[in-house]
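In: A predicted structure for the sequence below; I have some questions about it.
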Amino acid sequence: SQELEQSPQSLIVQEGKNLTINCTSSKTLYGLYWYKQKYGEGLIFLMMLQKGGEEKSHEKITAKLDEKKQQSSLHITASQPSHAGIYLCGAAYYGGSQGNLIFGKGTKLSVKP
Amino acid sequence: DAGVIQSPRHEVTEMGQEVTLRCKPISGHDYLFWYRQTMMRGLELLIYFNNNVPIDDSGMPEDRFSAKMPNASFSTLKIQPSEPRDSAVYFCASSLFRGGLDGYTFGSGTRLTVV
């Protein structure tokens, strides 16, 4: 969806390196969801951010929602091969379709051992 | 709970045939969503149900697509007739709330190939 842009589209990092994935919305977010998907599998929920400035962590993965609630970044510290996969952000907006998740196209992460 | 269960995992069919995808949501979840994932368009919401009632089907691409939820534990997505451009991975997801803190729980998807 053009409402939600993820960058980069793909990322190759050396094991042990840190990385950041960004998700930018064209509208103010009601909530921002991060998911991880492995090839051929469903989406695994990582975390949800709702308040401006909020930051949450899931193991070595940290996500933050900016104050204006239009951008989120997901940061992985000391990446491992198990972090490889596709990371998707999902946006929920205010209004009639509140709560329905619109997804970005995803960031494909490869971690080289 | 076994999570959201979808069947079949893979489906290969010939153009023009009818295809039915099935989904069993998590017990107690009031919302059920059908998504389609392709390389070009990413994940698209097709339709969602609340308490077995279709609420928004604006994402259903054409009249060839239909979805039903006859009871709280079962939903189907049907494509009739199928076309090669329908090839995609179809996901079903369920949730207790819309916009809730726990997000949606997704099934493993059905990979559909129409030849």
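Out: Looks like it came in fine.
In: what bridges to the residue nearest the centre of chain B?
Out: What sits nearest the mean C-alpha location of chain B, by CA atoms, centre = their mean, is B:Trp34, with 3.1 Å. Per DSSP bridges, residues listed as beta-bridge partners of B:Trp34: B:Ile47, B:Cys92.
In: Contact residues of chain B facing chain A?
Out: Residues of chain B lying near chain A by CB under 8 Å from any CB of the partner chain: B:4, B:33, B:35, B:42-43, B:45, B:48, B:56, B:91, B:93, B:97-109, B:111. C-beta coordinates here come from the backbone N, C-alpha and C atoms, glycine included.
In: Separate out the buried members of the residues you listed.
Out: Neighbour-count burial (16 or more other CB atoms under 10 Å in any protein chain shown) is assigned, among these, to B:4, B:33, B:35, B:42-43, B:45, B:48, B:56, B:91, B:93, B:98-99, B:103-109, B:111.
In: buried set for stretch A:93-106?
Out: By 16+ other CB under 10 Å, the buried positions in stretch A:93-106 come out as A:Tyr93, A:Ser97, A:Gly99, A:Asn100, A:Leu101, A:Ile102, A:Phe103, A:Gly104, A:Lys105, A:Gly106.
In: ugh, wrong one, stretch B:2-12
Out: Buried residues in stretch B:2-12, counted by 16+ other CB under 10 Å: B:Val4, B:Gln6, B:Glu11.
In: ok, the first one touching B:Cys92?
Out: Yes. With contact defined as CB atoms under 8 Å, B:Val4 reaches B:Cys92; the gap is 5.7 Å.
In: can you list residues touching both of these two?
Out: Shared contacts of B:Val4 and B:Cys92, defined by CB atoms under 8 Å, 6 or more residues apart in numbering or on different chains, are found at B:Cys23, B:Pro25, B:Phe106, B:Gly107.
In: from these, which is closest to B:Gln17?
Out: B:Gln17 has its nearest neighbour among those in B:Cys23, at 19.9 Å by CB to CB.
In: what sits against that closest one?
Out: Neighbours of B:Cys23 in contact, by CB under 8 Å, 6+ apart: B:Val4, B:Ile5, B:Gln6, B:Leu32, B:Trp34, B:Phe74, B:Ser75, B:Thr76, B:Leu77, B:Cys92, B:Gly107.
In: Narrow those residues to those in helices?
Out: Among the contacts of B:Cys23, none falls in helices (DSSP state H).
In: Now do stretch B:107-115: distance from first to last residue.
Out: Stretch B:107-115 has its terminal residues 24 Å apart, counting by CA to CA, to the nearest Å.
In: average model confidence for that stretch?
Out: Per-residue pLDDT values across stretch B:107-115 average out to 97.
In: now it, how far from the chain's geometric center?
Out: Centre-to-centre, stretch B:107-115 and its host chain are 10 Å apart (CA atoms, centre = their mean, to the nearest Å).
In: Can you name the residues in contact with that stretch?
Out: Here stretch B:107-115 has contacts from A:40-42, B:3-15, B:17, B:19, B:21, B:23, B:37, B:79, B:82-93, using CB under 8 Å, 6+ apart.
In: Could you list the contact residues of chain A toward chain B?
Out: Remark: the part of chain A in contact with chain B comprises A:1, A:30-31, A:33, A:35, A:40-45, A:48, A:50, A:88, A:90, A:92, A:97-106, using CB under 8 Å from any CB.
In: follow-up on the earlier one: looking at the buried residues of stretch A:93-106, which is nearest A:Cys23?
Out: Taking CB to CB as the measure, A:Cys23 sits nearest to A:Gly104 out of the buried residues of stretch A:93-106, at 5.7 Å.
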